[in-house]
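Asker: I'll drop the sequence and a predicted model, then ask my questions.
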Amino acid sequence: MDRSRCSKNAIVALVREAASENGECEVRVAPAFVDEAARARLREAFARGDLATWGYGEERAVRATDPATILDGARSVLCVAFAYATAVPGRRHLTGRVSNYAWSRDYHERVLRALRTAAQRIDELAGAPVTAVACDTKPLVERAYAARAGLGWIGKHTNVISRRLGSYVFLGEIVTTLELEPDARLRTGCGRCTRCVDVCPTGALRGNYTIDATRCISDLTQRTDAIPRDLRAFVGEWVWGCDLCQSVCPPTRRAGERGSQADEPANAAAATPELVRLLRMRAGEYRRHVASTAMGWRGAAVLRRNAAVALGNALDRSAVPALAEALERDAHPMVRGHAAWALGRIGSPAALAALRARAQREEDATVCEEIAAALVVA
């Protein structure tokens, strides 16, 4: 192995060149150590039930905090931050909100392609396979290693904040057996700022750099079971993800729109989908317009459920016919149940009539319970 060609500067330059195809990026190096502090924080979060939606446990805490589980003999982690913020499109009547990261083609494909290109070049320089890549695709506490590498610091909204790029960044890693000099951790933080904590409607952010993900709007829109009834009103018109805590973050606001053209919405509907159309979306349209985005891994029924909640929160009586149709015809009980909730929240005579009519024919027990609850609230 030619060590001069595999120096830290040469490797970082190579990664930066491959990553730059996705727009602005930053690259730093962390040692591939077992992060006992991160492991302890994960165990505490699991014990509190913060991540109960995802079913993680002890095995996840152990594997995610040891890069050797990704690559035997790992010595260094090249941490990469890809900027993705683009302009927020204006919204029209009865349209939903989609998190910035999910507007375009699934970022995992682009980030992994860049990381794999860089990793292949590193292997060629080393004359042997010395790398493995990750991008939210393998157990690894990405934020902890990014913070240790000095890419940024973990904010009170629990996202990594880059001084230059803000928090709208995709994280990716190249784990390597090469021993590269690590970069210094940043000596900065959020100070007394609590804007992200204050703006969170559900109180998911505690202000101590922890989050109850079971209350996070982003997680609520991605879960595959019912959204807890007491949290639905707080979801607002978000149909996938949530950007509230990042949109008010001062360093992120200063960073501005640093994403590339590939991060921009393919069309207006990608960022602000028509809620009635989304509520009626079936498998064919889902495959054509959604499956290739970061929203594409949960299925059409989840998005129809989210559309029903958003329409209920819009409190617009013009949505009642579409919600009544969903309550009557949607094949998925979860969607019918949330349509019932939305009709009860709107509470117009037509909405209540639709609920009473369906109550006579509905056979699913969970939907019957939703109808009964909606009628009581109304």
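Answerer: Arrived safely. Numbers count the residues shown, from 1 in each chain.

Asker: roughly how far apart are Ala291 and Thr65?
Answerer: Between Ala291 and Thr65 the computed distance is 33 Å (C-beta to C-beta, to the nearest Å). Just so you know, the C-beta spots here come from the backbone N, C-alpha and C atoms, and that holds for glycine as well.

Asker: More neighbours: the two, which one.
Answerer: Neighbour tally, Ala291 and Thr65, criterion other C-beta atoms under 10 Å: the higher count belongs to Thr65, 24 against 15.

Asker: nearest residue to the more buried one other than its sequence neighbours?
Answerer: In this structure, Thr65 finds its nearest non-sequential neighbour in Arg39, 4.1 Å apart by C-beta to C-beta, 6 or more residues apart in numbering.

Asker: Dihedrals phi and psi, that neighbour?
Answerer: When quoted as degrees, to the nearest 10, the phi and psi of Arg39 stand at phi -60, psi -40.

Asker: which helix of this structure spans the most residues?
Answerer: Among the elements of the chain assigned as helix by DSSP state H, the one spanning the most residues is helix 107-126.

Asker: what helices or strands is that helix leaning on?
Answerer: Here helix 107-126 touches helix 8-19, strand 76-83, strand 131-134, strand 169-176, going by 3 or more C-beta pairs under 8 Å, 6 or more residues apart in numbering; DSSP states H and E.

Asker: With mean neighbour count and mean pLDDT as added columns, please give these in CSV.
Answerer: Formatted as CSV, the entries for the helices and strands packed on helix 107-126 read as follows, by neighbours: other C-beta atoms under 10 Å; pLDDT from 0 to 100:
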stretch, mean neighbour count, mean pLDDT
helix 8-19, 18, 92
strand 76-83, 27, 97
strand 131-134, 22, 96
strand 169-176, 27, 97
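
Asker: re the thing from before, now do the buried residues in the longest helix of the chain.
Answerer: For helix 107-126, the buried set under the neighbour-count rule, 16 or more other C-beta atoms under 10 Å, comprises 107, 110-112, 114-119, 121-122, 125-126.

Asker: That helix to strand 169-176, inter-axis angle?
Answerer: Between the axis of helix 107-126 and that of strand 169-176 there is an angle of 30 degrees, by axes from the mean of the first three to the mean of the last three C-alpha atoms, to 10 degrees.

Asker: Now do helix 107-126: everything it contacts.
Answerer: Residues outside helix 107-126 that contact it (C-beta atoms under 8 Å, 6 or more residues apart in numbering) are 1-2, 5-6, 10-11, 14-15, 17-19, 21-22, 78, 80, 82, 84, 101, 129-137, 170, 172-174, 176, 178, 262-263, 294.

Asker: Just want the angle from it to helix 8-19.
Answerer: Per the same axes, to 10 degrees, the angle that helix 107-126 makes with helix 8-19 is 140 degrees.

Asker: What average pLDDT does helix 107-126 get?
Answerer: In this model, helix 107-126 carries a mean pLDDT of 94.

Asker: one step back: I'd like to know which of the buried residues of helix 107-126 is nearest to Arg163.
Answerer: Arg163 has its nearest neighbour among these in Val111, at 20.9 Å by C-beta to C-beta.
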